[in-house]
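Asks: return atomic coordinates for the entry below.
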Amino acid sequence: MNICGIYSFLPSESISSVDLDALAGATGLAILDREPASLGEGALVLGISDQGLGLHFTGKKTPKPILVDFLGGANAHRRQFGGGKSQLIAKAVGLKSRYRPHILDVTAGLGQDGFVLSTLGCKVTLLERVPVIFELLKDGLSRATQTSDTQLQAIVQRIALVGDNSIEYLHSIDSESDNRPDVIYVDPMFPERQKSAQVKKNMSVFQTLVGNDSDAGDLLALALSRAKYRVVIKRPRKAASIAEQFPDKKLPNAGLVLEGKSSRYDIYPIAKMPEC
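Replies: Model (predicted):
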């Protein structure tokens, strides 16, 4: 599904043409001069509304816009009730009582996992190659910094956002440098298993934008040479490992696997993690 263009649902005085032009330049999308409703059923628009920047579907009974929201919704719920340091993701990245690793999330997506890791006190670098998704993340982080919630402000201040291709970015890291990331976190795109019609439609759009995980084998091989302590791959619980998916790459098997109800973490230890 292609994005037809950019449209502002806000009053004209609420957003400048400079802002729209900048968004158009960053995403390569045209600014629409007609209302999205005129595009017919099933079209997709990058829209600016009072909720923030989001991908809007046109037509009747459409799903809610796809946007990055760190103030409410699922992110806020997980921040409050997600289980803190007992969460499987915390164990996967090697979180300890007195140690918080620097995480490089090379497949940021909508930032959910990166946000969780930041709520646990980790410094997180989000890497996103798709311009539209990068702009959604940028907008979500910007809105979160403007909140009166000082705890949330501290969380998002630990997140750095970089727009780049994962393979190219990893190549730019000196494999001998002490400044390389402690943990490289990879969550390759995979088919969504949930039954909800909205989830399936949203994820279908997201997969179209992001693409499949055809470079996951190369990404893992490179990550293993750039992470300081470990590489963590998130997969559906019953999915094949990256090594099994790409046998020609002759990749190692995970040294440790943590399984949850619907997903698992394949962990590739490189060196012992610090205690503090």
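
Asks: only C-alpha atoms for contact and neighbour calcs from this point on.
Replies: Will do.

Asks: what segments of the stretch 51-200 of the chain are helices?
Replies: Shown for the stretch 51-200 of the chain, the helices assigned by DSSP state H, counting those that start in this stretch span residues 73-81, 88-92, 112-119, 131-145, 150-157, 166-171, 197-210.

Asks: turn these into CSV, including mean pLDDT.
Replies: Shown next, in CSV, are those (pLDDT from 0 to 100):
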stretch, mean pLDDT
helix 73-81, 75
helix 88-92, 95
helix 112-119, 95
helix 131-145, 95
helix 150-157, 94
helix 166-171, 96
helix 197-210, 66
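
Asks: by mean pLDDT, flag the weakest helix or strand of this structure.
Replies: The weakest-scoring helix or strand in the chain, judged by mean pLDDT, DSSP states H and E, is helix 197-210 (a mean of 66).

Asks: next structured bit after that helix?
Replies: The element immediately downstream of helix 197-210 (helix or strand, assigned by DSSP states H and E) is helix 216-224.

Asks: list the contacts of that next one.
Replies: Residues from elsewhere that reach helix 216-224 (C-alpha atoms under 8 Å, 6 or more residues apart in numbering): 166-167, 170-171, 184, 188, 230-231, 242-243, 245-246, 249, 251, 268, 270.

Asks: can I see the domain layout of the protein?
Replies: As given by automatic domain parsing, the domain ranges for the chain are 3-66, 73-269.

Asks: now the shortest one: average pLDDT?
Replies: In this case it means domain 3-66. Domain 3-66 shows a mean pLDDT of 88 in the predicted model.

Asks: quick one: end-to-end length of that domain, please.
Replies: 13 Å (C-alpha to C-alpha, to the nearest Å).

Asks: if I look at S8, how far off is I173?
Replies: S8 is 39 Å from I173, by C-alpha to C-alpha.

Asks: more neighbours: which of these two?
Replies: S8 (21 against 15; other C-alpha atoms under 10 Å).

Asks: what bridges to that one?
Replies: I48 (DSSP bridges).

Asks: quick check, it in contact with S49.
Replies: Yes - between S8 and S49 there is a contact at 6.4 Å, judged by C-alpha atoms under 8 Å.

Asks: among the contacts of helix 216-224, which ones are in strands?
Replies: 184, 230-231, 268 (DSSP state E).

Asks: most widely separated two among those?
Replies: Largest separation among the ones in strands among the contacts of helix 216-224 by C-alpha to C-alpha: I184 and Y268, giving 9.9 Å.

Asks: which neighbours do those two share?
Replies: Shared contacts of I184 and Y268 (C-alpha under 8 Å, 6+ apart): 230-232.

Asks: just those residues now: which is nearest S148?
Replies: Of all those, the one with the least separation from S148 (C-alpha to C-alpha) is V232, at 33.7 Å.

Asks: okay, that closest one: pLDDT?
Replies: So V232 comes in at 98 (pLDDT).

Asks: mind checking which of the ones in strands among the contacts of helix 216-224 are buried?
Replies: Buried members of the ones in strands among the contacts of helix 216-224, scored by 16 or more other C-alpha atoms under 10 Å, are 184, 230-231, 268.

Asks: picking that back up, and which of the contacts of helix 216-224 is nearest F57?
Replies: P188 (24.8 Å).
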